[in-house]
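Chemist: The sequence and its predicted three-dimensional model are supplied below.
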Amino acid sequence: MFHSLLLLAQVTGQAAEAAATHGEPATGITKIFQDFGISWPFFLAQVVNFSLVAFILWKFAFKPVLATLDERQKKIADGLKYTEEMKAKLDATQVETAAILKKASVEASRIIEEARKSAKDFLDRQTQEATAKANDVLVKAQQAVELEHKKMLADARTEIARLVVVTTERVLAKKLSDADRASYNDAASRELTNA
C-alpha cells in the first residue's frame with residue numbers, strides 16, 4: 001500500500017511538472033498545490049506519516065486507554081448496580097425487621113396478658129382454697145366448741161346430779177329408808193339426764 005502511494009505521488013508530481021513545462025494552466029488540485037507551494041511527494045509522505053502515527057497511537061495508546069475507560073465504566077456501573085441491590089436488600093431487611101419486631105411485640109403482649117390472666121386465675125384459686133380451708137377450720141372449731149359444750153354440760157349435769165343426790169341423801173338420810181332413797185336417786189338422775 002505504501003508503495004502504491006509513493007507511485008501515485010510520483011505520477012501526480014510528474015504530471016504537474018509536465019503541465020507546468022508545456023505551459024498548460026493547472027487545474028483543480030494541481031492549481032491549489034502550486035498556489036500554496038505544496039509538493040506532491042512531501043504531501044503524500046506526510047499523509048503516510050500521519051496515517052502511520054495515527055495507527056500506532058490507535059493501536060498502542062488509544063485502544064488500551066479506551067479499554068481501561070470501558071473497564072472502569074463497567075466497574076462503576078457494576079458498583080452502582082451493586083449499591084442499588086444492597087439498598088433494595090437493606091430496605092427489604094428493614095421492612096422484614098419491622099415486621100418481626102411488630103410480631104414479637106404482639107406476641108410479647110399476648111404472653112404478658114396470658115401471664116396476667118394465669119396469675120389472676122391462680123390468685124383466685126388460692127383465695128378460694130384459703131377461704132375453703134378457713135371455713136373448714138371454722139366449722140371444725142365450732143363443732144369442737146359444741147362437743148366441748150355438750151361434754152361440759154354432761155359433766156355439769158353429772159356433777160349436779162351427784163351433788164343433788166349427796167345433798168338429798170344428807171337431808172333425807174335420817175327419815176327415808178334405803179328403798180326410798182334409791183328411788184329418789186334414780187328419779188333425780190333421770191330428770192337431770194333428760195333435761
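Modeler: Nice, thanks for sending it over.
Chemist: what's the helix or strand for Glu146?
Modeler: helix 63-172 (DSSP states H and E).
Chemist: tell me what that helix is packed against?
Modeler: The contact analysis (3 or more CB pairs under 8 Å, 6 or more residues apart in numbering; DSSP states H and E) places helix 63-172 against helix 178-194. In short, each C-beta sits where N, CA and C put it, glycine included.
Chemist: what about the helix it packs on, average pLDDT?
Modeler: Computed over helix 178-194, the mean pLDDT rounds to 77.
Chemist: Direction-wise, compare the helix holding Glu146 with helix 178-194 and give the angle.
Modeler: 160 degrees (axes from the mean of the first three to the mean of the last three CA atoms, to 10 degrees).
Chemist: Return the distance of helix 63-172 from the chain's centre.
Modeler: Relative to its parent chain, helix 63-172 has a centroid offset of 25 Å by CA atoms, centre = their mean, to the nearest Å.
Chemist: Need the CA coordinates for stretch 179-191. PDB is fine.
Modeler: Written as PDB, here are the backbone C-alpha positions of stretch 179-191 (Å, rounded to 0.1, in the frame of the first residue of the first chain):
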ATOM      1  CA  ALA A 179     -85.500 -48.300 149.100                       C
ATOM      2  CA  ASP A 180     -87.000 -44.700 149.100                       C
ATOM      3  CA  ARG A 181     -83.500 -43.300 148.700                       C
ATOM      4  CA  ALA A 182     -82.700 -45.400 145.700                       C
ATOM      5  CA  SER A 183     -85.900 -44.500 144.000                       C
ATOM      6  CA  TYR A 184     -85.300 -40.700 144.700                       C
ATOM      7  CA  ASN A 185     -81.700 -41.100 143.400                       C
ATOM      8  CA  ASP A 186     -83.000 -42.800 140.200                       C
ATOM      9  CA  ALA A 187     -85.700 -40.200 139.600                       C
ATOM     10  CA  ALA A 188     -83.200 -37.400 140.100                       C
ATOM     11  CA  SER A 189     -80.700 -39.000 137.700                       C
ATOM     12  CA  ARG A 190     -83.400 -39.400 135.000                       C
ATOM     13  CA  GLU A 191     -84.600 -35.900 135.300                       C
END
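Chemist: quick one, phi psi at Gly37?
Modeler: Phi and psi for Gly37, reported as degrees, to the nearest 10, are phi 70, psi 40.
Chemist: okay, it: pLDDT?
Modeler: Reading off the confidence values, Gly37 has pLDDT 81.
Chemist: any idea how far it lies from Phe43?
Modeler: Per CB to CB, to the nearest Å, Gly37 is found 11 Å from Phe43.
Chemist: out of the two, which sits in the more crowded spot?
Modeler: Each of Gly37 and Phe43 has its neighbours counted (other CB atoms under 10 Å); Phe43 has more, 14 against 6.
Chemist: That one against Phe36, yeah?
Modeler: No - using CB atoms under 8 Å, Phe43 is not in contact with Phe36, being 10.0 Å away.
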